[in-house]
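**Q** Quick one, fold the following:
(one chain, ligands or ions: 1)
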Amino acid sequence: MAKIGLFYGTDTGNTEDVAQRIKSMLDDIEPGIAALHDMSRATPADLAQYDCLILGIPTANIGQLQTDWDMFWPHLDKIDFSGKKAALFGLGDQYAYGNTFMDALGMLAYKIQERGGELVGAWPAADYNFDGSVALDGDHFLGLSLDQENQADLTQSRLEVWLPQVLAAFGIQTGVAVA
Ligand SMILES: Cc1cc2nc3c(=O)[nH]c(=O)nc-3n(C[C@H](O)[C@H](O)[C@H](O)COP(=O)(O)O)c2cc1C
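**A** Numbers count the residues shown, from 1 in each chain. Alright, predicted model coming up:
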């Protein structure tokens, strides 16, 4: 079985694109290390089988959960996340939605913690322009924040820094240097 469960929900495809990019980067490190799951078809058992999770969520409808994560939300209360590590990545638009930037990432992060899970992969908030975010914890976001509308050119380099950090936090040895 794959060591990492990589789950994403998407409304307009951006989060799916990033999830597929992450899957491909992980396959380059170790083929088959991660299995990709679309939240529109995921079951609680799918999530529960992994100790290492990478979860992708865009913020929708001004500070709301993406549709498939919203539908799945009640199931999260039935999953015991203790002993599990979760790295979150969020998609958002910091200029159009600067007061609710990455809110869904924050909502998911707090839900995972509430259910006993350990968050890994916090990301510095310095290189973004926004006014408010549920995902902000001090000077870090509770996961990797990606903005395909305004900072698409930074996505790949952010992933290249973040992923090795996440794998190290998962305790997975890869031989890839951690920045
Ligand atoms: C109606 C609407 C509301 C949005 N609300 C927010 C928001 O509150 N916060 C945010 O950071 N991004 C917001 N966004 C931006 C999306 O999160 C962003 O476009 C993201 O890349 C979409 O991901 P997806 O293609 O996987 O659905 C909104 C986008 C739309 C169209």
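**Q** residue ranges with poor pLDDT in the chain?
**A** For the chain, no stretch has pLDDT under 70.
**Q** how about a cut-off of 90?
**A** Scanning the chain for pLDDT under 90 picks out 1-2, 173-179.
**Q** the strands in the protein, which residues?
**A** Per DSSP state E, the chain carries strands over the ranges 4-8, 34-38, 52-60, 64-65, 85-91, 118-120, 123-124, 136-137, 140-141, 144-146.
**Q** Are the longest one and the ligand in contact anywhere?
**A** Yes - for strand 52-60 and the ligand, the contact criterion (C-beta under 6 Å from any ligand atom) is met by 58-60. Where you see a C-beta, it was placed from the backbone N, CA and C, and this is true even at glycine.
**Q** how about these in a markdown table, adding neighbour count?
**A** Formatted as a markdown table, the residues of strand 52-60 next to the ligand follow (neighbours: other C-beta atoms under 10 Å):
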| residue | neighbour count |
| --- | --- |
| P58 | 28 |
| T59 | 26 |
| A60 | 21 |
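**Q** I figured N14 hits Q148, correct?
**A** Yes - N14 is within contact range of Q148, at 4.7 Å (criterion: C-beta atoms under 8 Å).
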